[in-house]
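Participant: Build me a model:
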Amino acid sequence: MKEEAQLKINGEKGFFHIDVDGKQQAMMTFLFAGNDKIIIDHTEVNTESNGKGFGKKMALKAIAFAREKNIKIIPLCPFVKSVFDKNPEYSDVL
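Facilitator: Numbers count the residues shown, from 1 in each chain. From the prediction side, this is the model:
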């Protein structure tokens, strides 16, 4: 059972997701704000996958993506904002 966060981009929008046994269990949506920012606006985890850390895994994937592309994250999603609030070491992408 693989639980790695994946990235999909479609034009100006995209999402990170985690699939388990071929079924999507979690998703974090974002949109590009110009060439140097993404706005993460929503995080959703299926009820049966609550408490498995999928939201944090997707947030870490988003942070790695931002660092790789040298872009910033605007965390409109309350969950993602809480990840940044609790982990000052990620503030370089804010």
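Participant: Contacts only, for residue 29.
Facilitator: Shown in contact with residue 29 (CB atoms under 8 Å, 6 or more residues apart in numbering): 13, 14, 15, 40, 41, 42, 43. In short, each C-beta sits where N, CA and C put it, glycine included.
Participant: What sits closest to the second one if chain neighbours are left out?
Facilitator: Which is residue 14. residue 30 (5.5 Å; CB to CB, 6 or more residues apart in numbering).
Participant: can you pull the contacts of the one you found?
Facilitator: For residue 30, counting by CB under 8 Å, 6+ apart, the contacting residues are 13, 14, 15, 16, 38, 39, 40, 41, 62.
Participant: What is the nearest of the residues you listed to residue 72?
Facilitator: Set against residue 72, the nearest of these by CB to CB is residue 38 (7.7 Å).
Participant: quick one: that closest one from residue 3, how far?
Facilitator: Plainly put, residue 38 is 23 Å away from residue 3 if you go by CB to CB, to the nearest Å.
Participant: Secondary structure, neighbour count and distance to residue 22 added to the contacts of residue 30, as JSON lines?
Facilitator: JSON lines is the format used below for the contacts of residue 30 (DSSP: H, G, I helix; E, B strand; the rest coil; neighbours: other CB atoms under 10 Å; distance: CB to CB, whole Å):
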{"residue": "13", "secondary structure": "strand", "neighbour count": "14", "distance to residue 22": "23"}
{"residue": "14", "secondary structure": "strand", "neighbour count": "18", "distance to residue 22": "21"}
{"residue": "15", "secondary structure": "strand", "neighbour count": "22", "distance to residue 22": "17"}
{"residue": "16", "secondary structure": "strand", "neighbour count": "24", "distance to residue 22": "17"}
{"residue": "38", "secondary structure": "strand", "neighbour count": "24", "distance to residue 22": "27"}
{"residue": "39", "secondary structure": "strand", "neighbour count": "16", "distance to residue 22": "29"}
{"residue": "40", "secondary structure": "strand", "neighbour count": "26", "distance to residue 22": "25"}
{"residue": "41", "secondary structure": "strand", "neighbour count": "15", "distance to residue 22": "26"}
{"residue": "62", "secondary structure": "helix", "neighbour count": "26", "distance to residue 22": "23"}
